[in-house]
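>>> Have a look at this prediction, sequence included:
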Amino acid sequence: MGYHTAEEQEFINEELVEFGEASDKYFRQHTSWNPGSGLDTLRPWQTAYFPTCNEVHGVVDPQPEAWKERHRNPNNELLTDGGRNWVFSLANPGTGEKYIWKMYDYSYEGEDFSVGREGGATNEMLDLKQLHYVAMDALVMERTTACPYTIPIYGHCGLDILTELSQGSFDSHELGEALTPQQRLRYAIQVAGALAAIENIDGDGIPSYVHCDLKPDQFLYFESTDTIKLNDFNIGAFLSRNKTTGEPQGSFVQHEGGAGEVWRSPEEHLNFDQNGPRLLTPKMVVYSMCHELQRILTGEGVSGHLTHKKVAEGIRTPLPAKIAESVDPIIMGYRETLDRCFAFKPEDRASAMEVLAALQQVQARFGRGAVIKRKPPSWGP
C-alpha cells in the first residue's frame, strides 16, 4: 500500500520478530496447551501468525512515536475507545478508501504475561494476552474470508488490524412493521450463516474456535448491500485436542454470564453461579445468536425482559402474540427454529449449521421475497 524508508522498514521488521516470538511464548506457556495440561492444539493454524506489516504500515504510520498523534490525524475518526482498543475509521491518504482500524491502546499497562519494548516511544508494557486476542481475531477473519457474512480482514500487524468499514451495528437498525417475513428471514439467514462459517471454520464440521462475546452489537450492517456481518473475534477461545484420546475437547471459557450479560447461554450463567470453570462448547454461542434471531423476527430487543436468574433457569423472552399465534408459514418455520436453538441443555440445542439449514429450508419452500433496496451510503457509491 505504500513505500517505506529504511528506518521505517527496520522498525517493521523488528516488530514482526518481536510479536511473532511473543505470540508463540503466550500460546505455549499461558494457554491450556502448556505441557502439563494433557491438551494440544486442535489445528496447526491456531498458533500461526500471518502478519502483513508492510501493507498495514502503508496506511498506518509505522513510526513508533506516532501512535500518540494518530487520533489527531484529520483522515481518521475515532469511533470508540472502549477496553484496550481504539477503533478508528481511517482513510488511505493515497486512494481515499476507508477502513476500520483497530489499534491497541499503548497507554494501557498490561497486568500479566508482559514484555517491555526497549527503545520504543512509550516504554509501556505490552500484554501478551492482548496479543493473543488480536492474533486470534486476525486468524479467524482470515479463515472465514469466503463467507459473505463475516467481516473481511485487510491487514494485520502486531496489535493493529484493518477491516472493512461498515455503517455501524445492526442492533440499531430499524426492524419495524414494514419488513415482510421474507425480509426478516433473509436477515436471519445472514446471522446464522456467519456463525455456521465459524462453527465449520475448517470445512469438516468439527469446530476449532468458539466466539465468547456474541452480543447484539457484534453484528455490523452494510447498507449498500443490505448485509449483516459478524465482527470482533478477539474475545473467543480455541478448542483443543485431548492428547490421550485424540478427540476434540471444549474450552474453559473465562467469560461467565453475570447479571449484565443476559444474552449469554444458561450454561454460562450457571458457570457464574457455581464459580466455574465448566467445560463450555460452541453450543453456548448458538443460544446467544438466537437472541438476535428473535429480535429480527419480532423487531423487539430481548434483553429488557431477562435477568440473570431467568436465563440460568432457561426462561426465554416471550414472543409477541402476533408472532406466537401467526399461521404464516415463514413465521411458523422461523419459530420452530428458535425453539431448537433455545433448548436449555446444550446437547439438545441445534448447531449453527443446523439452524442455518433449517432457515434455508424455510426460504426454499416459501419464497425468497424481495431484496430491500436502499440508497447508497453517504461515504461512497
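The structure has been received and is ready for your questions.
>>> contacts, neighbours, all on C-alpha from now
Noted.
>>> all strands of the stretch 251-381 of the chain, in order?
251-252, 279-280 (DSSP state E, counting those that start in this stretch).
>>> among the helices and strands of this protein, which one scores worst on average pLDDT?
Least confident element among the helices and strands of the chain, by mean pLDDT, DSSP states H and E: strand 114-116 (a mean of 35).
>>> Any idea which of the strands of the stretch 251-381 of the chain has the lowest pLDDT on average?
Mean pLDDT is lowest for strand 251-252 among those, at a mean of 62.
>>> where in the stretch 251-381 of the chain is pLDDT low?
Along the stretch 251-381 of the chain, segments meeting pLDDT under 70 span 251-260, 272-280, 367-381.
>>> can we see that at 50?
In the prediction, the stretch 251-381 of the chain carries residues with pLDDT under 50 at positions 369-381.
>>> so where do the helices sit in the chain?
6-29, 53-56, 67-70, 128-143, 181-199, 266-273, 283-298, 308-312, 321-324, 329-341, 352-366 (DSSP state H).
>>> Throw the ones you listed into TSV and include mean neighbour count and distance to residue 162, thanks.
TSV is the format used below for these (neighbours: other C-alpha atoms under 10 Å; distance: least, C-alpha to C-alpha, whole Å):
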stretch	mean neighbour count	distance to residue 162
helix 6-29	16	16
helix 53-56	20	7
helix 67-70	15	14
helix 128-143	22	9
helix 181-199	23	19
helix 266-273	23	31
helix 283-298	24	25
helix 308-312	20	36
helix 321-324	12	40
helix 329-341	19	33
helix 352-366	18	27
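>>> Tabulate the ones you listed (a markdown table), appending distance to residue 220.
Formatted as a markdown table, the helices of the chain follow (distance: least, C-alpha to C-alpha, whole Å):
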| stretch | distance to residue 220 |
| --- | --- |
| helix 6-29 | 28 |
| helix 53-56 | 22 |
| helix 67-70 | 24 |
| helix 128-143 | 14 |
| helix 181-199 | 10 |
| helix 266-273 | 24 |
| helix 283-298 | 12 |
| helix 308-312 | 25 |
| helix 321-324 | 25 |
| helix 329-341 | 22 |
| helix 352-366 | 19 |
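>>> Which among the ones you listed is found nearest to residue 165?
helix 128-143 (14.2 Å; C-alpha to C-alpha).
>>> packing partners for the closest one?
helix 6-29, strand 153-157, strand 160-164 (3 or more C-alpha pairs under 8 Å, 6 or more residues apart in numbering; DSSP states H and E).
>>> avg pLDDT for that helix?
For helix 128-143, the per-residue pLDDT averages 83.
>>> could you give the angle of it to helix 181-199?
120 degrees (axes from the mean of the first three to the mean of the last three C-alpha atoms, to 10 degrees).
>>> now the angle between strand 153-157 and helix 128-143, please.
Using the same axes, to 10 degrees: helix 128-143 against strand 153-157 is 150 degrees.
>>> Let me see the contact set for residue 262.
Residue 262 sits next to 303, 306-308, 311 when contact means C-alpha atoms under 8 Å, 6 or more residues apart in numbering.
>>> Distance-wise, check it relative to residue 236.
For residue 262, the distance to residue 236 (C-alpha to C-alpha, to the nearest Å) stands at 18 Å.
>>> Just give me the lowest mean pLDDT stretch among the helices and strands packed on helix 128-143.
Across these, helix 6-29 gives the lowest mean pLDDT, at a mean of 60.
>>> and which of the contacts of residue 262 is nearest residue 42?
Nearest member of the contacts of residue 262 to residue 42, counting by C-alpha to C-alpha, is residue 311, at 31.1 Å.
>>> right, and the closest one touches residue 261 too?
No - applying C-alpha atoms under 8 Å, one finds residue 311 not in contact with residue 261, separated by 9.7 Å.
>>> Which residue lies closest in space to residue 160, excluding its sequence neighbours?
residue 103 (4.7 Å; C-alpha to C-alpha, 6 or more residues apart in numbering).
>>> what's across from the one you found in the sheet?
Note on residue 103: beta-bridge partners residue 86, residue 160, judged by DSSP bridges.
>>> That one: what's it in contact with?
85-88, 159-161.
>>> Most neighbours of all the residues you listed, which one?
residue 161 (26 neighbours; other C-alpha atoms under 10 Å).
>>> Report how many residues lie close to the residue lying closest to that one once chain neighbours are set aside.
In this structure, residue 161 finds its nearest non-sequential neighbour in residue 102, 5.2 Å apart by C-alpha to C-alpha, 6+ apart. By other C-alpha under 10 Å, the residues close to residue 102 number 23.
>>> For residue 192, give its distance to residue 223.
19 Å.
>>> oh, I was asking about residue 198
23 Å.
>>> repeat for residue 245
According to C-alpha to C-alpha, residue 245 stands 48 Å off from residue 223.
>>> Which one's more surrounded, the two?
Just comparing residue 245 and residue 223: by other C-alpha under 10 Å the higher neighbour count belongs to residue 223, 18 against 10.
>>> Contacts for stretch 187-204 next, please.
Against stretch 187-204 from outside (C-alpha under 8 Å, 6+ apart): 140, 143-144, 147-150, 205-210, 219, 227-230, 282, 286, 289, 293, 296, 352-353, 355-356, 359-360.
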